[in-house]
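*Asks:* sequence and predicted structure, then a few things I'm wondering about:
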Amino acid sequence: MTAEDRVLRVRALLDSVRADGRTALTAPEGKVLADAYGIAVPGEELARDVEEAVACAARFGGPVVMKIVSPDILHKTDAGGVVVGVEGAADVRAAFRTVVENARAYDPRARVEGVQIQELLPPGQEVIVGAVTDPAFGKVVAFGLGGVLVEVLKDVTFRLAPVDADEALSMLDSIRSAEVLCGVRGRAGVDRWALAEQIRRVSRLVTDFPEIAEVDLNPVVATAGGAVAADVRVILAESQPPPRRTYTREEILISMRRLMRPASVAVIGASAERGKIGNSVMRNLVDGGFAGDIHPVNPRADDILGRKAYKSVTDVPGEVDVAVFAIPARSVARALEEVGRKNIPNAVLIPSGFAETGEHELQAEIVAIAERHGIRLLGPNIYGYYSTWQDLCATFCTPYDVKGGVALTSQSGGIGMAVLGFARTTGTGVSAIVGLGNKADLDEDDLLTWFGEDPHTECVAMHLEDLKDGRAFVRAARATVPKKPVVVLKAGRTAAGARAAGSHTGALAGDDAVYDDILRQAGVVRAPGLDDMLEYARALPVLPTPRGDNVVVITGAGGSGVLLSDAVADNGLTLMEIPPDLDEAFQRLIPPFGAAGNPVDITGGEPPSTYEAAIRLGLEDPRVHALVLGYWHTIVTPPLVFAELTARVVAEFRERGVEKPVVASLAGDVEVEEACRYLFERGVVAYPYTTEKPVAVLGAKYRWARAASRLGAEGPSTGAEAGDGRGAE
């Protein structure tokens with residue numbers, strides 16, 4: 001069958017199902033799709049009466065499976081419409097009557113077209129292969145352990161469809177129980193290639209026919225000799241979402257450049273009255289030192305904060321890059337029309353009162369106006385934004401002007417202010433802080449496209465509740481991750497089963513698993529919580545990129561060494577197996593009651609010189625790729641003494657071109673807090689009172705290095721150095 005014939009055959013079938021007013025295909029119809037796309041299924045025939053069933057079963061010459069065929073019964077097992085292992089004419093007749101009677105009892109109005117007679121597959125490993133239409137990512141293909149326990153085990157992995165052969169094979173290794181596929185307890189491993197082909201072909205089917213909402217092959221029986229789908233379930237979408245307006249990468253960069261580096265800003269709703277949002281925005285722009293033109297717009301004022309006020313934005317002389325709105329929601333549409341006539345490319349909509357309060361039509365109206373005039377919208381319902389390298393504080397919230405390399409975005413105003421407080425407390429310099437709010441237009445993929453090219457940004461951290469266009473985000477992430485880390489805090493991890501699903505795959509995709517797998521596929525470092533996101537963003541630019549997997553723990557306390565070792569394992573890192581010569585070298589440094597190996601326990605009573613010698617040894621040996629230090633407070637080696645010697649040794653090696661990530665856990669009295677600050681400022685990521693956090697940060701750096709294909713690679717040692725900003729100008 002040619003590709004054209006295949007498409008025509010499937011198209012004709014789907015059209016006939018639609019014409020029949022159905023969204024679910026029957027088993028024989030599912031087989032038509034499977035045959036067209038080369039999806040392996042058992043031999044089967046449709047029997048419309050008892051004697052036909054006997055004849056069909058006889059042709060297979062062995063035990064068969066008998067399944068009810070009804071366009072109105074989606075879950076055949078729930079209806080008692082499946083009997084397995086039927087053999088012999090008498091049993092076939094009895095099974096036929098049973099499944100039909102059960103189906104009629106389950107749904108008296110259901111149309112019964114007959115009974116499917118299917119050859120019984122040999123025993124094998126049951127897996128599930130499926131596809132679902134995700135609200136954010138579109139067509140997504142799934143693979144996992146199958147059978148009746150699939151929704152209990154939930155050992156499933158997801159990828160964007162379509163997948164190629166290599167990506168399909170990688171899915172087999174991505175489930176928790178991947179070892180089962182290789183053969184356990186004397187059982188042969190499965191035919192991996194045949195299984196991957198089932199995944200690839202399903203992904204191609206749903207890509208070719210977007211109206212297919214869900215596909216379920218469950219179970220697929222995988223053996224050493226192949227992989228065959230015992231059951232095929234296909235569900236069509238009731239409707240197709242309207243197409244979303246898209247922009248080219250160059251169009252995004254052009255508009256974002258004028259948003260983040262404006263020469264002129266107009267404030268619509270500017271006010272001289274303290275306590276009003278329009279006054280706060282004006283004061284932040286003026287007091288923040290923005291060097292560009294600031295134009296207040298207010299029909300009832302002539303002068304605001306020493307700046308000439310204009311009745312309308314159309315009266316403002318010259319070009320304007322950004323219009324910041326500080327007026328009630330009901331007035332935005334009219335003012336946005338004026339912004340369009342002025343050819344202003346960006347509108348920052350601070351007002352609330354749109355879709356978040358149920359005013360969807362009002363939000364749709366401003367989106368339509370913006371599209372008509374070519375305006376990009378940030379918001380509505382946001383706190384504004386900060387572009388620190390431009391001394392731009394276009395917000396009604398607390399000003400912040402500490403310049404640095406971290407770009408932070410949030411969908412929530414409250415989270416945005418948490419970001420601000422954390423940045424101030426920790427002294428984290430930022431390149432930008434941007435609120436996204438309702439994301440009527442501009443969203444994470446627009447910002448990520450810009451920050452990926454921005455030379456001032458070394459790391460991007462994003463809080464999000466959803467993605468409007470997950471595929472656009474993945475494209476932007478894949479372009480950015482090789483140059484700098486992208487950290488994401490995805491809220492709503494526990495919203496399991498948020499939408500109804502007609503298949504096992506759909507039910508499994510209703511929770512957070514799709515986001516988790518596809519963000520990982522995009523190379524994003526996912527943070528489990530807000531504090532983790534902020535700490536990753538703060539710390540990842542500080543740490544050099546590791547050159548390999550070997551992590552060595554050096555500690556002054558055996559207890560912290562055990563906890564640090566646990567944290568290493570928990571974060572997917574590898575405790576180095578210390579070679580004999582290096583083990584002997586460590587043993588020469590530590591007292592007889594200490595312990596070499598890994599972790600290296602130098603014991604708590606040792607002077608600063610022992611700490612220094614052990615750290616030097618770890619940095620000197622090229623087989624060691626990262627160090628985790630565990631310090632505990634003693635008078636023999638006070639906290640700041642430990643911090644100073646560690647920072648000095650690390651700096652010395654970096655001057656010699658030896659750059660390895662070094663993280664530290666400090667336990668002790670309050671002096672360890674100052675010691676941690678001292679270390680952090682000098683390129684050693686250190687935290688007091690915790691063994692988990694420094695290793696979690698190191699694990700995040702490793703995850704980025706692997707995603708960016710930097711682990712073991714030569715070249716720049718930090719994510720910041722890798723992103724030179726070409727293309728931003």
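*Replies:* Looks like it came in fine.

*Asks:* longest strand in this structure, by number of residues?
*Replies:* In the chain, assigned by DSSP state E, the strand with the most residues is strand 212-223.

*Asks:* who does that one touch, helix- and strand-wise?
*Replies:* Other elements packing on strand 212-223 under the criterion 3 or more Cβ pairs under 8 Å, 6 or more residues apart in numbering; DSSP states H and E are strand 125-134, helix 192-208, strand 226-229, strand 232-236, helix 504-508. Where C-beta positions appear, they are placed from N, C-alpha and C, glycine not excepted.

*Asks:* go ahead and confirm residue 83 touches residue 95.
*Replies:* Yes. If you go by Cβ atoms under 8 Å, residue 83 and residue 95 touch, sitting 4.3 Å apart.

*Asks:* partners of the host helix or strand of residue 551, with directions?
*Replies:* If you go by DSSP states H and E, residue 551 is part of strand 550-555. Each strand paired with strand 550-555, and its direction, by DSSP bridges: strand 574-575 (parallel), strand 600-601 (parallel), strand 626-632 (parallel).

*Asks:* for these, which one sits closest to residue 464?
*Replies:* Among these, the nearest to residue 464 by Cβ to Cβ is strand 626-632 (29.7 Å).

*Asks:* how close does residue 489 get to residue 436?
*Replies:* Residue 489 is 13 Å from residue 436, where distance means Cβ to Cβ, to the nearest Å.

*Asks:* pull up the overlap in contacts between those two.
*Replies:* residue 464 (Cβ atoms under 8 Å, 6 or more residues apart in numbering).

*Asks:* picking that back up, next, format the helices and strands packed on strand 212-223 as CSV and append distance to residue 338 and mean pLDDT.
*Replies:* As requested, these are exported to CSV (distance: least, Cβ to Cβ, whole Å; pLDDT from 0 to 100):
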stretch, distance to residue 338, mean pLDDT
strand 125-134, 39, 93
helix 192-208, 44, 97
strand 226-229, 60, 96
strand 232-236, 45, 94
helix 504-508, 46, 56
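
*Asks:* to residue 352, which of the ones you listed lies closest?
*Replies:* Set against residue 352 and scored by Cβ to Cβ, those come closest in strand 125-134, at 28.6 Å.

*Asks:* now the closest one against strand 212-223, angle please.
*Replies:* Orientation of strand 125-134 against strand 212-223 (axes from the mean of the first three to the mean of the last three Cα atoms, to 10 degrees) gives an angle of 170 degrees.

*Asks:* direction included, what does strand 125-134 pair against?
*Replies:* Assessed with DSSP bridges, strand 125-134 is paired to strand 138-145 (antiparallel), strand 212-223 (antiparallel).

*Asks:* distance of residue 325 from residue 281?
*Replies:* Taking Cβ to Cβ, one finds residue 325 at 9 Å from residue 281.

*Asks:* what's the overlap in contacts for the two?
*Replies:* residue 350.

*Asks:* shaky segments in the stretch 451-600 of the chain?
*Replies:* 493-511 (pLDDT under 70).

*Asks:* please enumerate the strands of it.
*Replies:* Here the stretch 451-600 of the chain has its strands, by DSSP state E, counting those that start in this stretch, at 459-464, 486-490, 525-526, 550-555, 574-575, 600-601.

*Asks:* and the second one, what other elements does it pack with?
*Replies:* Contacts of strand 486-490 with other secondary structure elements, assessed using 3+ Cβ pairs under 8 Å, 6+ apart, are made with strand 459-464, helix 513-521, strand 525-526, helix 530-539.

*Asks:* what's the closest of the strands paired with strand 550-555 to residue 485?
*Replies:* Nearest of those (Cβ to Cβ): strand 626-632, 16.0 Å.

*Asks:* with just CA atoms, put that closest one into CSV.
*Replies:* In CSV, the C-alpha atoms belonging to strand 626-632 read as follows (Å, rounded to 0.1, in the frame of the first residue of the first chain):
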residue,chain,number,x,y,z
ALA,A,626,32.9,17.4,41.3
LEU,A,627,33.4,17.8,45.0
VAL,A,628,30.7,17.8,47.7
LEU,A,629,32.1,19.2,51.0
GLY,A,630,30.5,18.5,54.4
TYR,A,631,31.7,20.8,57.2
TRP,A,632,30.8,20.8,60.8
